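[1] Need a 3D model of the sequence below.
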Amino acid sequence: MEQRYQDLKLGERGAILSIAVYILLSFLKLIIGYMADSEALKADGLNNTTDIVASVAVLIGLKFSQKPADDDHPYGHWKAETVSSLIASLIMMVVGVQVLYGAATSIFKGNLESPDMIAAWTGFVSAFIMLLVYRYNKNLAEKVKSHAVMAAAKDNLSDAWVSIGTAIGILGSQLGIPWLDPVTAFVVGLLICKTGWDIFRESSHYLTDGFDIEDLAEYKQTILNINGVLEVKDIKGRTYGNSNVVDVVISVPNHLDITEAHEISTKVEVVLMKEHNVQDVHVHVEPVGDENIL
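    Okay, the predicted model is just below:
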């Protein structure tokens, strides 16, 4: 359990790094976007401002998840991490719609001019920086098994692609296609909404106790390989932030005494925790005769 709290503490580094980088890039993009008159770069800058709020939400969620169990939360506060991801996704989608509206308005108003080339270079540099942040957060998320940090990493990657698209759109407008800049801004808005939706869908899945059926199949096979287990009658899984909890009902030979049956259930717990990194396992044992196993 202590290791889980240490992992959450470590996960805060990813959120803090994202916040610092987003503050820098959003300021840079908005200033240059207005100076160079680039709708695409301004949209990208607005995207990064939402990322600041989203990353702060993730950071708060990670900190709140570290609170120990209490009377109101006997299972702990692990799901606060997933709630923070959900809030971040909603913020992204709201701003994505705003970017779409602004870009569409700019396209239809006409009299478009090509933005200055500095806007394109800003986009390329921003993309490179975000790719570095993405790699850091992705590796960190895999290490600490954090859904919130992984959501932040996915957002980092999305931002890198957005910046690349922004730069390409600005370059295209320099070739005599000025409408390509606001069109790129519109595409940026779509990407922001898609990223927000993907994170929202994943967060909602975990908050409603959804669980990967392939993982459950692996857990079941592992349990069946344990000596003394005749059958896995039922198995369920839940996710609490970066922790998985498994409930399983197993059948054991009815000639075993209580101590032997308990040893088998303990072995199931230990193996799942060790081989599959499950945080907690609840095992119910049902004694049956061999002739009753299908």
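
[2] Can you classify residue 89 as helix, strand or coil?
    Following DSSP: H, G, I helix; E, B strand; the rest coil, the label given to residue 89 is helix.

[3] ok, now the one 10 residues further on?
    Recorded secondary structure, residue 99: helix (three-state DSSP).

[4] so what's the nearest residue to it once chain neighbours are set aside up against?
    What sits nearest to residue 99 in space, not counting adjacent residues and going by Cβ to Cβ, 6 or more residues apart in numbering, is residue 189, at 3.5 Å. In short, each C-beta sits where N, CA and C put it, glycine included. Counting by Cβ atoms under 8 Å, 6 or more residues apart in numbering, residue 189 touches 43, 96, 97, 98, 99, 100, 102, 103.

[5] How about the contacts made by the third one?
    Same thing as residue 97. 189, 193 are the contacts of residue 97 under Cβ under 8 Å, 6+ apart.

[6] Equivalent analysis for the second one, please.
    Residues counted as contacts of residue 96 (Cβ under 8 Å, 6+ apart) are 47, 189, 190, 191, 192, 193, 196.

[7] got a pLDDT number for the residue nearest to residue 99?
    Residue 189 carries a pLDDT value of 80.

[8] same deal with residue 219?
    Note for residue 219: predicted pLDDT of 92.

[9] could you say what helices and strands the helix or strand hosting it packs with?
    Taking DSSP states H and E as the criterion, residue 219 maps to helix 213-224. Counting contacts by 3 or more Cβ pairs under 8 Å, 6 or more residues apart in numbering; DSSP states H and E, helix 213-224 is packed against strand 231-240, strand 243-253, helix 258-276.

[10] can you give me how far it is from the chain middle?
    Relative to its chain's centre, helix 213-224 lies at 24 Å (Cα atoms, centre = their mean, to the nearest Å).

[11] Tell me where the model's unsure across the stretch 1-150 of the chain.
    Applying pLDDT under 70 to the stretch 1-150 of the chain flags residues 1-10, 109-114.

[12] quick revisit: what residues sit buried inside the helix holding residue 219?
    For helix 213-224, burial by neighbour count (16 or more other Cβ atoms under 10 Å) applies to 216, 219, 220, 222, 223.

[13] Now do it against helix 258-276, angle only.
    Between the axes of helix 213-224 and helix 258-276, defined by axes from the mean of the first three to the mean of the last three Cα atoms, to 10 degrees, the angle is 140 degrees.

[14] Format the CA atom coordinates belonging to helix 213-224 as CSV.
    The C-alpha coordinates for helix 213-224 follow below in CSV (Å, rounded to 0.1, in the frame of the first residue of the first chain):
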residue,chain,number,x,y,z
ILE,A,213,-12.2,-8.4,-19.8
GLU,A,214,-8.8,-9.6,-21.3
ASP,A,215,-7.2,-8.8,-17.9
LEU,A,216,-9.9,-10.8,-16.1
ALA,A,217,-9.3,-13.8,-18.5
GLU,A,218,-5.5,-13.6,-17.7
TYR,A,219,-6.3,-13.5,-14.0
LYS,A,220,-8.6,-16.5,-14.3
GLN,A,221,-6.0,-18.6,-16.1
THR,A,222,-3.4,-17.8,-13.5
ILE,A,223,-5.8,-18.9,-10.7
LEU,A,224,-6.6,-22.1,-12.5
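
[15] Start the count at 24 instead of 1 going forward.
    In the new numbering, first residue 24, that becomes helix 236-247.
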